[in-house]
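*Asks:* Any chance you could fold what I've pasted below:
(chains A and B)
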Amino acid sequence: GDSVTQMEGPVTLSEEAFLTINCTYTATGYPSLFWYVQYPGEGLQLLLKATKADDKGSNKGFEATYRKETTSFHLEKGSVQVSDSAVYFCALGTSNTGKLIFGQGTTLQVKP
Amino acid sequence: DGGITQSPKYLFRKEGQNVTLSCEQNLNHDAMYWYRQDPGQGLRLIYYSQIVNDFQKGDIAEGYSVSREKKESFPLTVTSAQKNPTAFYLCAGGDADYGYTFGSGTRLTVV
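*Replies:* Okay, here's the model as predicted:
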């Protein structure tokens, strides 16, 4: 079945460091891909999305490119801030199943 | 503002009791979803509904029930058959093309 695999956390970085969180997927159809962010005690907020191969999603300095050849959707940010500390989830959704499937989440901690 | 509204924010359940979590939306989404999140864990799908009066089991449906009588509403009942209900419950609406919007969650605790 469809699945999403994220890199293990936690990831600890200093402020202004470069961030990469790896995400790979397995899907039988043509999924849309998403990154969500969750702050403590809150629900999930959509960070960015891409609906087809080679699309680049971007928001608030974060970027991710839908790579069909490597089945990946890695999240990147050039310079992280303390306020970026949160849990990040990679997810896929397919129109045929209607389901949204999540990776395990990666905790990011940014230190001043 | 449009969105997904979950209530209550905190809920306490006694042993053997059924409780119902509310989820309402004004985004006109056909599809709605319920997820469970345990501490330090990812999200697991409980039930989902792609249209009014129809719903499907997710990966962990045992001990839960849902209804979808109106497009705007998708309540989740945690029954006494759910042996370990303490968790954070998240409701969502949307689809693969539009994206998925989440509510702010309900934290359920067994007392």
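
*Asks:* Please list all residues in contact with the closest residue to residue A:57 other than its chain neighbours.
*Replies:* Nearest in space to residue A:57, with sequence neighbours left out and distances taken as CB to CB, 6 or more residues apart in numbering or on different chains, is residue A:48 at 3.4 Å. Just so you know, the C-beta spots here come from the backbone N, C-alpha and C atoms, and that holds for glycine as well. By CB atoms under 8 Å, 6 or more residues apart in numbering or on different chains, residue A:48 lies in contact with A:34-35, A:57-59, A:62-64.

*Asks:* And for residue B:48?
*Replies:* Applying CB under 8 Å, 6+ apart, the residues contacting residue B:48 are A:98-99, B:31-34, B:55-56, B:58.

*Asks:* Pick the one among the residues you listed closest to residue A:82.
*Replies:* residue B:33 (31.9 Å; CB to CB).

*Asks:* so where does that closest one fall, helix or strand?
*Replies:* Secondary structure from DSSP states H and E places residue B:33 in strand B:32-37.

*Asks:* Which of the contacts of residue A:48 sits closest to residue B:102?
*Replies:* residue A:34 (11.1 Å).

*Asks:* So which bits of chain A are right by chain B?
*Replies:* Applying CB under 8 Å from any CB of the partner chain, we find that chain A lies next to chain B at A:31-32, A:34, A:36, A:42-46, A:49, A:51, A:89, A:91, A:93-95, A:98-105.

*Asks:* What's the ChimeraX line that selects buried ones from those?
*Replies:* To isolate the buried members of those in ChimeraX, using 16 or more other CB atoms under 10 Å in any protein chain shown:
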select /A:31,32,34,36,43,44,46,49,51,89,91,93,94,98,99,100,101,102,103,104,105
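
*Asks:* can I assume residue A:83 sits in a helix?
*Replies:* Yes. According to DSSP: H, G, I helix; E, B strand; the rest coil, residue A:83 belongs to a helix.

*Asks:* Could you tell me the model confidence score at it?
*Replies:* The model reports residue A:83 with a pLDDT of 95.

*Asks:* In space, what's closest to it - neighbours in sequence excluded?
*Replies:* In space, residue A:83 is closest to residue A:110, 7.9 Å off (CB to CB, 6+ apart).

*Asks:* Could you do residue B:15 as well?
*Replies:* In space, residue B:15 comes closest to residue B:110 once its chain neighbours are excluded; the distance is 6.8 Å by CB to CB, 6+ apart.

*Asks:* follow-up on the earlier one: can you turn the buried subset of the contacts of residue A:48 into a selection I can paste into ChimeraX?
*Replies:* Those of those that count as buried under 16+ other CB under 10 Å are selected in ChimeraX with:
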select /A:34,35,57,62,63,64
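
*Asks:* Turn the contacts of residue A:48 into a markdown table, columns for distance to residue B:42 and pLDDT.
*Replies:* Converted to a markdown table, the contacts of residue A:48 look like this (distance: CB to CB, whole Å; pLDDT from 0 to 100):
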| residue | distance to residue B:42 | pLDDT |
| --- | --- | --- |
| A:34 | 14 | 96 |
| A:35 | 14 | 97 |
| A:57 | 20 | 96 |
| A:58 | 24 | 97 |
| A:59 | 22 | 97 |
| A:62 | 20 | 98 |
| A:63 | 23 | 98 |
| A:64 | 18 | 98 |
